[in-house]
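**Q** Fold the following for me, if possible:
(one chain, ligands or ions: 1)
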Amino acid sequence: MPGLALTVLGCSGSYAAAGQACSGYLVRSSRTTIWVDCGPGTLGNLQQHVQLDEIDAIIVSHHHPDHCAELPVVYNAYKYFTGLSEMRVITTSDVRRVTDAFHPLGDSGDLFLWEIVSDGSTAHVGDIDIRFSQTDHPVETLAMRLKSGNDSIVYTSDTGSNWSISDLGSEPDIVVGEGTLLEINDDASIPHISCAHLAQEANKAGAKRLVVTHVPPGSDPSQHLEEAAAVFEGKVELAVTGRSFSTTG
Ligand SMILES: [Zn+2]
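**A** Sure thing, here's the model as predicted:
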């Protein structure tokens, strides 16, 4: 496929709604496949799109369980069932720490090739370049811009209002952004943003398209979409498990 495509493996915010999965995305170019965030439930959904041995690298944005807790199970799948001897995992030091805690010897480095990144780090997987920016969240959390050729996708992961999408440059083709809150229940003590704030940020960065994700169970997704659409100047869509979004339209 030309450009970059992102497929939603799960998008429930904080915990999974009935029959759903937490955060996880497949990002693909014509020759590279990256799994971004391993929220609970995403391993099963991933295999509806690709085989495990087709993954070139895993990137995990932060060590909140709704974004990383499947990783020890992913270890089992690779270690004992695929025959692969290694898998690149690009993430924060805390994600490694919590994953290692599940390992019988306390070190999952016998399978996972850990690449610890932080604010401003870059990584390269096949023909996709990744740049990270630390967001406003209670633990070290890395938003990222994934770029292949002239096409790019920004994923905000989780953030409060003191982080800017523009920190990852301008004019991304697609922003996949957390819209956990509605303006009416936005509160500075909650480390997430409203859909209106997300849309303002996406406008400032000159994003062409916006995909609203991380809507928590119990909240009406159509209200989140409506709030973002009232502010964003481009096309707004909702993340839905199984749906794909491509930079080529
Ligand atoms: Zn979080």
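**Q** Now stretch 81-92: buried residues?
**A** M87, R88, V89, I90, T91, T92 (16 or more other Cβ atoms under 10 Å). Placement of C-beta: from N, CA and C, glycine included.
**Q** These in strands, which ones?
**A** Applying DSSP state E to the buried residues of stretch 81-92, the entries found in strands are M87, R88, V89, I90, T91.
**Q** any chance of the residues you listed in TSV, with pLDDT and distance to the ion too?
**A** Formatted as TSV, these follow (pLDDT from 0 to 100; distance: Cβ to the ion, whole Å):
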residue	pLDDT	distance to the ion
M87	98	23
R88	98	23
V89	98	18
I90	99	18
T91	98	13
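**Q** burial measure for A77, as a count.
**A** 16 (other Cβ atoms under 10 Å).
**Q** how much space between it and P221?
**A** To P221, A77 is 30 Å away according to Cβ to Cβ, to the nearest Å.
**Q** got the residues of this structure near the ion?
**A** Within the chain, the positions lying close to the ion (Cβ under 5 Å from the ion) are H64, D158.
**Q** for the chain, which spans come out with low pLDDT?
**A** 1-2 (pLDDT under 70).
**Q** For it, just list every one of the helices.
**A** 42-46, 65-68, 71-77, 93-100, 195-204, 221-231 (DSSP state H).
**Q** name the helices or strands packed onto the second one?
**A** To tie it back to what came earlier, the one meant is helix 65-68. helix 93-100 (3 or more Cβ pairs under 8 Å, 6 or more residues apart in numbering; DSSP states H and E).
**Q** Quick check: L181 touching P191?
**A** No. Applying Cβ atoms under 8 Å as the test, L181 and P191 come out as separate, 10.3 Å apart.
**Q** Mind checking which of the two has more residues around it?
**A** In this view L181 and P191 are compared by other Cβ under 10 Å, and L181 has more residues nearby, 25 against 18.
**Q** how far away is the closest residue to the more buried one other than its chain neighbours from the ion?
**A** Of all residues not flanking L181 in the chain, S194 sits nearest, at 4.3 Å (Cβ to Cβ, 6 or more residues apart in numbering). Here the criterion is Cβ to the ion, to the nearest Å. By it, S194 lies 16 Å from the ion.
**Q** repeat for G242
**A** For G242 relative to the ion (Cβ to the ion), the value is 23 Å.
**Q** now do S30
**A** S30 is 32 Å from the ion, by Cβ to the ion.
**Q** Who are the contact partners of the residue nearest to L181?
**A** Contacts for S194 (Cβ atoms under 8 Å, 6 or more residues apart in numbering) come out as G179, T180, L181, L182, E183, N185, D186, E227.
**Q** one more time with 10 Å, if that's ok
**A** Neighbouring residues of S194 by Cβ atoms under 10 Å, 6 or more residues apart in numbering: 161, 178-187, 200, 224, 227-228, 231.
**Q** all strands of the protein, in order?
**A** 5-10, 24-28, 33-36, 57-60, 87-91, 112-116, 122-125, 128-134, 142-148, 151-155, 174-178, 209-213, 235-238, 244-246.
**Q** Quick one: the ones in strands among the buried residues of stretch 81-92 as a markdown table, columns for distance to V36 too.
**A** A markdown table is the format used below for these (distance: Cβ to Cβ, whole Å):
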| residue | distance to V36 |
| --- | --- |
| M87 | 14 |
| R88 | 13 |
| V89 | 11 |
| I90 | 10 |
| T91 | 10 |
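**Q** out of the residues you listed, who's nearest L52?
**A** M87 (8.8 Å; Cβ to Cβ).
**Q** K79 is in contact with the closest one, correct?
**A** Yes. Applying Cβ atoms under 10 Å as the test, M87 and K79 come out as touching, 9.2 Å apart.
**Q** list the residues that contact both of these two?
**A** What both M87 and K79 touch, as defined by Cβ under 10 Å, 6+ apart, is the set S108, L111, F112.
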